[in-house]
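Asks: Need coordinates for the following:
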Amino acid sequence: MSLLEKIKHKYALSDQGARDMVKAIVAVTISDIVLMFPVGILYLLASDILKGTIGRDRMPLYIGGTVAALLLIIMTSYFQYNATFLSTYIESGVRRRTLAEKLRKLPLSFFGKKDLADLTNTIMGDCAWLETASSHFIPELIGAMISTTIVVISLFFFDLRMTLAAVWVLPVAFLVVFAARPITMRLNEKATKYKINCMDGIQEGLETLRDLKSYNATETYMVGLNRKIKAVESHSVSSEFVNAVFVCSAQMILKLGIGVVALTGGILFSRGEISALTFFMYLLVVSRMYDPFQVALQNLSAVIATDTQCKRMDEILSHKEQEGRQDMDYQGYDICFDHVGFSYEDGEQVLRDVSFTAKQGEVTALIGPSGGGKTTVSRLAARFWDADRGTITVGGMNVSGIDPETLLSLYSIVFQDVTLFNNTVMENIRIGRKDATDEEVLAAAKLAHCDEFIEKLPEKWDSMIGENGSELSGGERQRISIARAFLKDAPIILMDEATASLDVDNESLIQEAISRLIQNKTVLIIAHRMRTVDGVDKIVVLKDGIVAESGIPEELKEADGIYRHMVELQLRSEQWKY
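Replies: The predicted model follows:
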C-alpha cells in the first residue's frame, strides 16, 4: 500500500484529499524551517559583535536578510494557509458527499444497526472534527516532527553533547502523550456514545412532544433528558482533565529541556570546551525548536482522538454495497418467490420458506398476523434487502443480480409510513417522476383523489405542507403518497398498508382508482382490513415465516383456515357497540 493509500484509508480522505494532505504537511514543514531563519540572522549578528567586525558595511546584510526572512515567512504562511485550510474545506464537502452517496448504495440491513442520530453525527459531527484535524492537527503535528528532525540533524554538526542535552526531552515528551493513546481512545468512544444518546433524546422529545403533553409526561421525560445532557458535560470535563494531565506533563518535560541546555552549556563554557557563540546559538535554537513541538504535543493528543471518528466513517465507506448489472432482460413482470429465507441482523428468522408467484395483471394480497413477514416480503421483492437463501425473480430475472436503483425503476411503492417534504403539494407529488409536467401531476393527483382536499388549501397546488406534511391529515398525506405511485406509472406496484390512514369512503375511492391503474401490471398489497382484499385476484397468507394459505378469496373463505378466521374476527369487531 502506497503512502497516499495509507493516508487516504487512515483519515477517510479522497484521492485528492490525500494528495492535499501531503501538500499541507510539506507546507507546514517548510514554514517551520523558514521560521528558523531569524535565528540564523541573530547568530551572525552575535558572531560579528563578539568578533568586533560589525560595521556599516555589514548592515545591508542584516537588513537584507531580515527583509528576505520576513518575505519568506509571509510567502510560506500564505502557502501553508491555502494548503491546510482551503483544501481541507473542499475535502470536507467531498467527504460529506461521499458518505451520502455511499449511504445511498448501502442495503437497508445496514440502517437496521444505526439510528438517525448516529448517522447524522457521522456526517456532520465526525466530518467537522476531521475537518479541524486536517486543517489544524495532522499537518501541524507531522510538519513539526519533520522540521524538528531536520534541525536536530543539523545541530549534531556543531556539538554532540549540547545537541543531546537539547533533544533528549523530545522523544520522552512524545512517549508520555502516546502512552495515553488507549485511555484517550476509550474516552473518545464513550464521549461519542454519550453525545449520540443525548441527540437521540432531544430528537425523540421533539418528535413525541404531542404525545408527551397529552399524557402530562413532559416533566418526567425532561428528567431523563437532563441526565443525558449532564452525562455529556461530566464526561467532557473528565476527558479534558485526563488529556491535560498527559499533555501538560509532556510540555513540562520540554521546559525542562531548556534548563538542561542552559546547565550543560554553562558547565562546558566554564571549562572552555565550547565558545560563548555556540552556547548562545543553542539557547536560541531550543527556545524556537520547542515552540512548534509544544503545539505538536497537543495536536498528537487530538490526532489520537480522531481514530474513533475515522473508524465510524470507515465503517460506512468500507461497507459492502448492493451491486448488480445495469441492463435488464425481463420477460413480463411476474414476481416469483422460490423457497426464500431471510433473517435480520439480530439473527431473528423472519422468513423460513416462502414460495408464491404474484402474476402480472393481477392483485396479490399479503395478509396474516403481525410479525408474519408481510412487509419483509414486499421489501425483498424490491431488493431493499437480499434474501439469505432461495431466489426472487421479476420477469425471470434474479433480483439479486440487478443494480437496486435500476430494479426500482420497475416499481411504484407506497409505504405505510409516508415521507413528505417541506415543499408545495405539486412538488411533493412530482417526486414520483421529476420530469413530469404539471398536467401529468394533476392527473395523478386526481386518480388518488388528492384534488378534493388540495383545492381547499389556501394556495391550492402551491401550498406549503410543512415538515413531513405537518399541515395535512394522515389520510391526506397517504393520498399524496399514492399519487406519487400513480405518477411514476411503473409496471409493478407495491403497497404496504396503503389505505391504513383512510376512512371507509376514501378507501373505496382509492381502491376504485387502483382498479383503473393496475391493468396489465403486477400489484402486491399488504393489508389488515379484510374488506380491502375482498376483490383481489389472489391472497397469500403468511404466518411464522411461511406461506400458510394461498388462493382466491372465495376459496379461502370456504376453507377453515387463517383467512376465514381473520374475516370472522373483523366482522365481529365491526358489530361491537360502546
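Asks: Run the chain-centre distance for stretch 265-274.
Replies: 60 Å (C-alpha atoms, centre = their mean, to the nearest Å).
Asks: Touching that stretch from outside, list them.
Replies: Contact with stretch 265-274 is made by 159, 161-162, 165, 275-276, 278-279, 282-283, as judged by C-beta atoms under 8 Å, 6 or more residues apart in numbering. To be clear about C-beta, it is placed using only N, CA and C from the backbone, and glycine gets the same treatment.
Asks: That one spans what distance, first to last residue?
Replies: 8 Å (C-alpha to C-alpha, to the nearest Å).
Asks: in that stretch, what's buried?
Replies: Of the residues in stretch 265-274, those buried by neighbour count under the rule 16 or more other C-beta atoms under 10 Å are 265, 268, 274.
Asks: Need the worst-confidence member of the residues you listed.
Replies: Within these, residue 274 has the lowest pLDDT, namely 84.
Asks: Please confirm that it is located within a helix.
Replies: No. Using DSSP: H, G, I helix; E, B strand; the rest coil, the assignment for residue 274 is coil, not a helix.
Asks: State the next helix or strand along the chain beyond the helix or strand encompassing residue 293.
Replies: In this structure, residue 293 sits in helix 276-317 according to DSSP states H and E. Once the chain leaves helix 276-317, the next helix or strand it forms, by DSSP H and E, is strand 335-343.
Asks: So which other helices or strands are in contact with that following strand?
Replies: strand 349-358, helix 374-381, strand 389-394 (3 or more C-beta pairs under 8 Å, 6 or more residues apart in numbering; DSSP states H and E).
Asks: For ChimeraX, what selects the buried ones among the contacts of stretch 265-274?
Replies: Buried residues among the contacts of stretch 265-274 (16+ other C-beta under 10 Å), as a ChimeraX selection:
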select :159,162,165,278,279,282,283
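Asks: and which of the contacts of stretch 265-274 is nearest residue 322?
Replies: residue 165 (61.6 Å; C-beta to C-beta).
Asks: Test my guess that that closest one contacts residue 258.
Replies: No. Using C-beta atoms under 8 Å, residue 165 makes no contact with residue 258, being 10.1 Å away.
Asks: about what we covered before: closest one of the buried residues of stretch 265-274 to residue 477?
Replies: residue 265 (79.5 Å).
Asks: measure that closest one to residue 153 for me?
Replies: Relative to residue 153, residue 265 is positioned 20 Å away (C-beta to C-beta, to the nearest Å).
Asks: Assign a three-state SS to residue 547, would you?
Replies: strand.
Asks: hmm, I was thinking of residue 158
Replies: Assignment for residue 158 (three-state DSSP): coil.
Asks: Give me the distance between it and residue 208.
Replies: Counting by C-beta to C-beta, the gap from residue 158 to residue 208 is 71 Å.
Asks: Next: residue 227.
Replies: Applying C-beta to C-beta to residue 227 and residue 208 gives a distance of 17 Å.
Asks: pLDDT weak spots in the stretch 1-150 of the chain?
Replies: 1, 9, 11-12, 50, 52-56, 109, 112-114 (pLDDT under 70).
Asks: Please, where are all the helices along it?
Replies: Per DSSP state H, counting those that start in this stretch, the stretch 1-150 of the chain carries helices over the ranges 3-10, 15-34, 37-51, 59-81, 87-105, 108-111, 116-120, 127-132, 138-155.
Asks: contact partners of the shortest one?
Replies: Helix 108-111 is touched from outside by 119, 319, 344-345, 379, 384-386, with contacts defined as C-beta under 8 Å, 6+ apart.
Asks: can you tell me which of the residues you listed lies nearest to residue 29?
Replies: Among those, and counting by C-beta to C-beta, the member closest to residue 29 is residue 319, at 35.6 Å.
Asks: could you point out the longest helix in this structure?
Replies: helix 218-270 (DSSP state H).
Asks: Let me know the angle separating that one from helix 276-317.
Replies: Inter-element angle recorded for helix 218-270 and helix 276-317: 150 degrees (by axes from the mean of the first three to the mean of the last three C-alpha atoms, to 10 degrees).
Asks: can you give me how far helix 218-270 is from the chain middle?
Replies: Taking mean C-alpha positions (C-alpha atoms, centre = their mean), helix 218-270 and its chain are 30 Å apart.
Asks: what domains does the record give for the protein?
Replies: 3-317, 324-410+519-578 (automatic domain parsing).
Asks: now the end-to-end length of the first one.
Replies: Right, the one you point to is domain 3-317. By C-alpha to C-alpha, one end of domain 3-317 lies 19 Å from the other end.
Asks: and that domain, how far out from the chain's middle?
Replies: 24 Å.
Asks: deepest of the helices and strands packed on strand 335-343, which one?
Replies: helix 374-381 (a mean of 23; mean count of other C-beta atoms under 10 Å).
Asks: how far off strand 349-358 does it point, in degrees?
Replies: Angle between the axes of helix 374-381 and strand 349-358 is 70 degrees (criterion: the same axes, to 10 degrees).
Asks: Restricting to C-alpha, output helix 374-381 in CSV.
Replies: Extracted as CSV, the C-alpha positions of helix 374-381 are listed here (Å, rounded to 0.1, in the frame of the first residue of the first chain):
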residue,chain,number,x,y,z
LYS,A,374,-45.6,-9.4,5.1
THR,A,375,-43.6,-6.2,4.9
THR,A,376,-40.3,-8.1,4.7
VAL,A,377,-41.6,-10.0,1.6
SER,A,378,-42.6,-6.7,-0.2
ARG,A,379,-39.2,-5.2,0.5
LEU,A,380,-37.3,-8.2,-0.5
ALA,A,381,-39.2,-8.1,-3.8
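Asks: So which other helices or strands are in contact with it?
Replies: On a contact count with 3+ C-beta pairs under 8 Å, 6+ apart, helix 374-381 meets strand 335-343, strand 349-358, strand 363-367, strand 389-394, strand 492-496, strand 522-526.
Asks: Take these and lay them out in TSV including mean pLDDT and distance to residue 480.
Replies: Shown next, in TSV, are these (pLDDT from 0 to 100; distance: least, C-beta to C-beta, whole Å):
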stretch	mean pLDDT	distance to residue 480
strand 335-343	89	26
strand 349-358	87	26
strand 363-367	86	22
strand 389-394	90	27
strand 492-496	84	14
strand 522-526	86	18
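Asks: Could you export those to TSV, including columns for distance to residue 438?
Replies: Shown next, in TSV, are these (distance: least, C-beta to C-beta, whole Å):
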stretch	distance to residue 438
strand 335-343	33
strand 349-358	34
strand 363-367	30
strand 389-394	32
strand 492-496	23
strand 522-526	27
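Asks: Give me the common contacts of residue 165 and residue 258.
Replies: What both residue 165 and residue 258 touch, as defined by C-beta under 8 Å, 6+ apart, is an empty set.
Asks: Next up, the contacts around residue 292.
Replies: Neighbours of residue 292 in contact, by C-beta under 8 Å, 6+ apart: 32, 35, 140, 143-144, 147-148.
Asks: if you set the cut-off to 10 Å instead, what comes out?
Replies: For residue 292, the contacting residues are 28, 31-32, 35, 140-141, 143-145, 147-148, 151, 299, by C-beta atoms under 10 Å, 6 or more residues apart in numbering.
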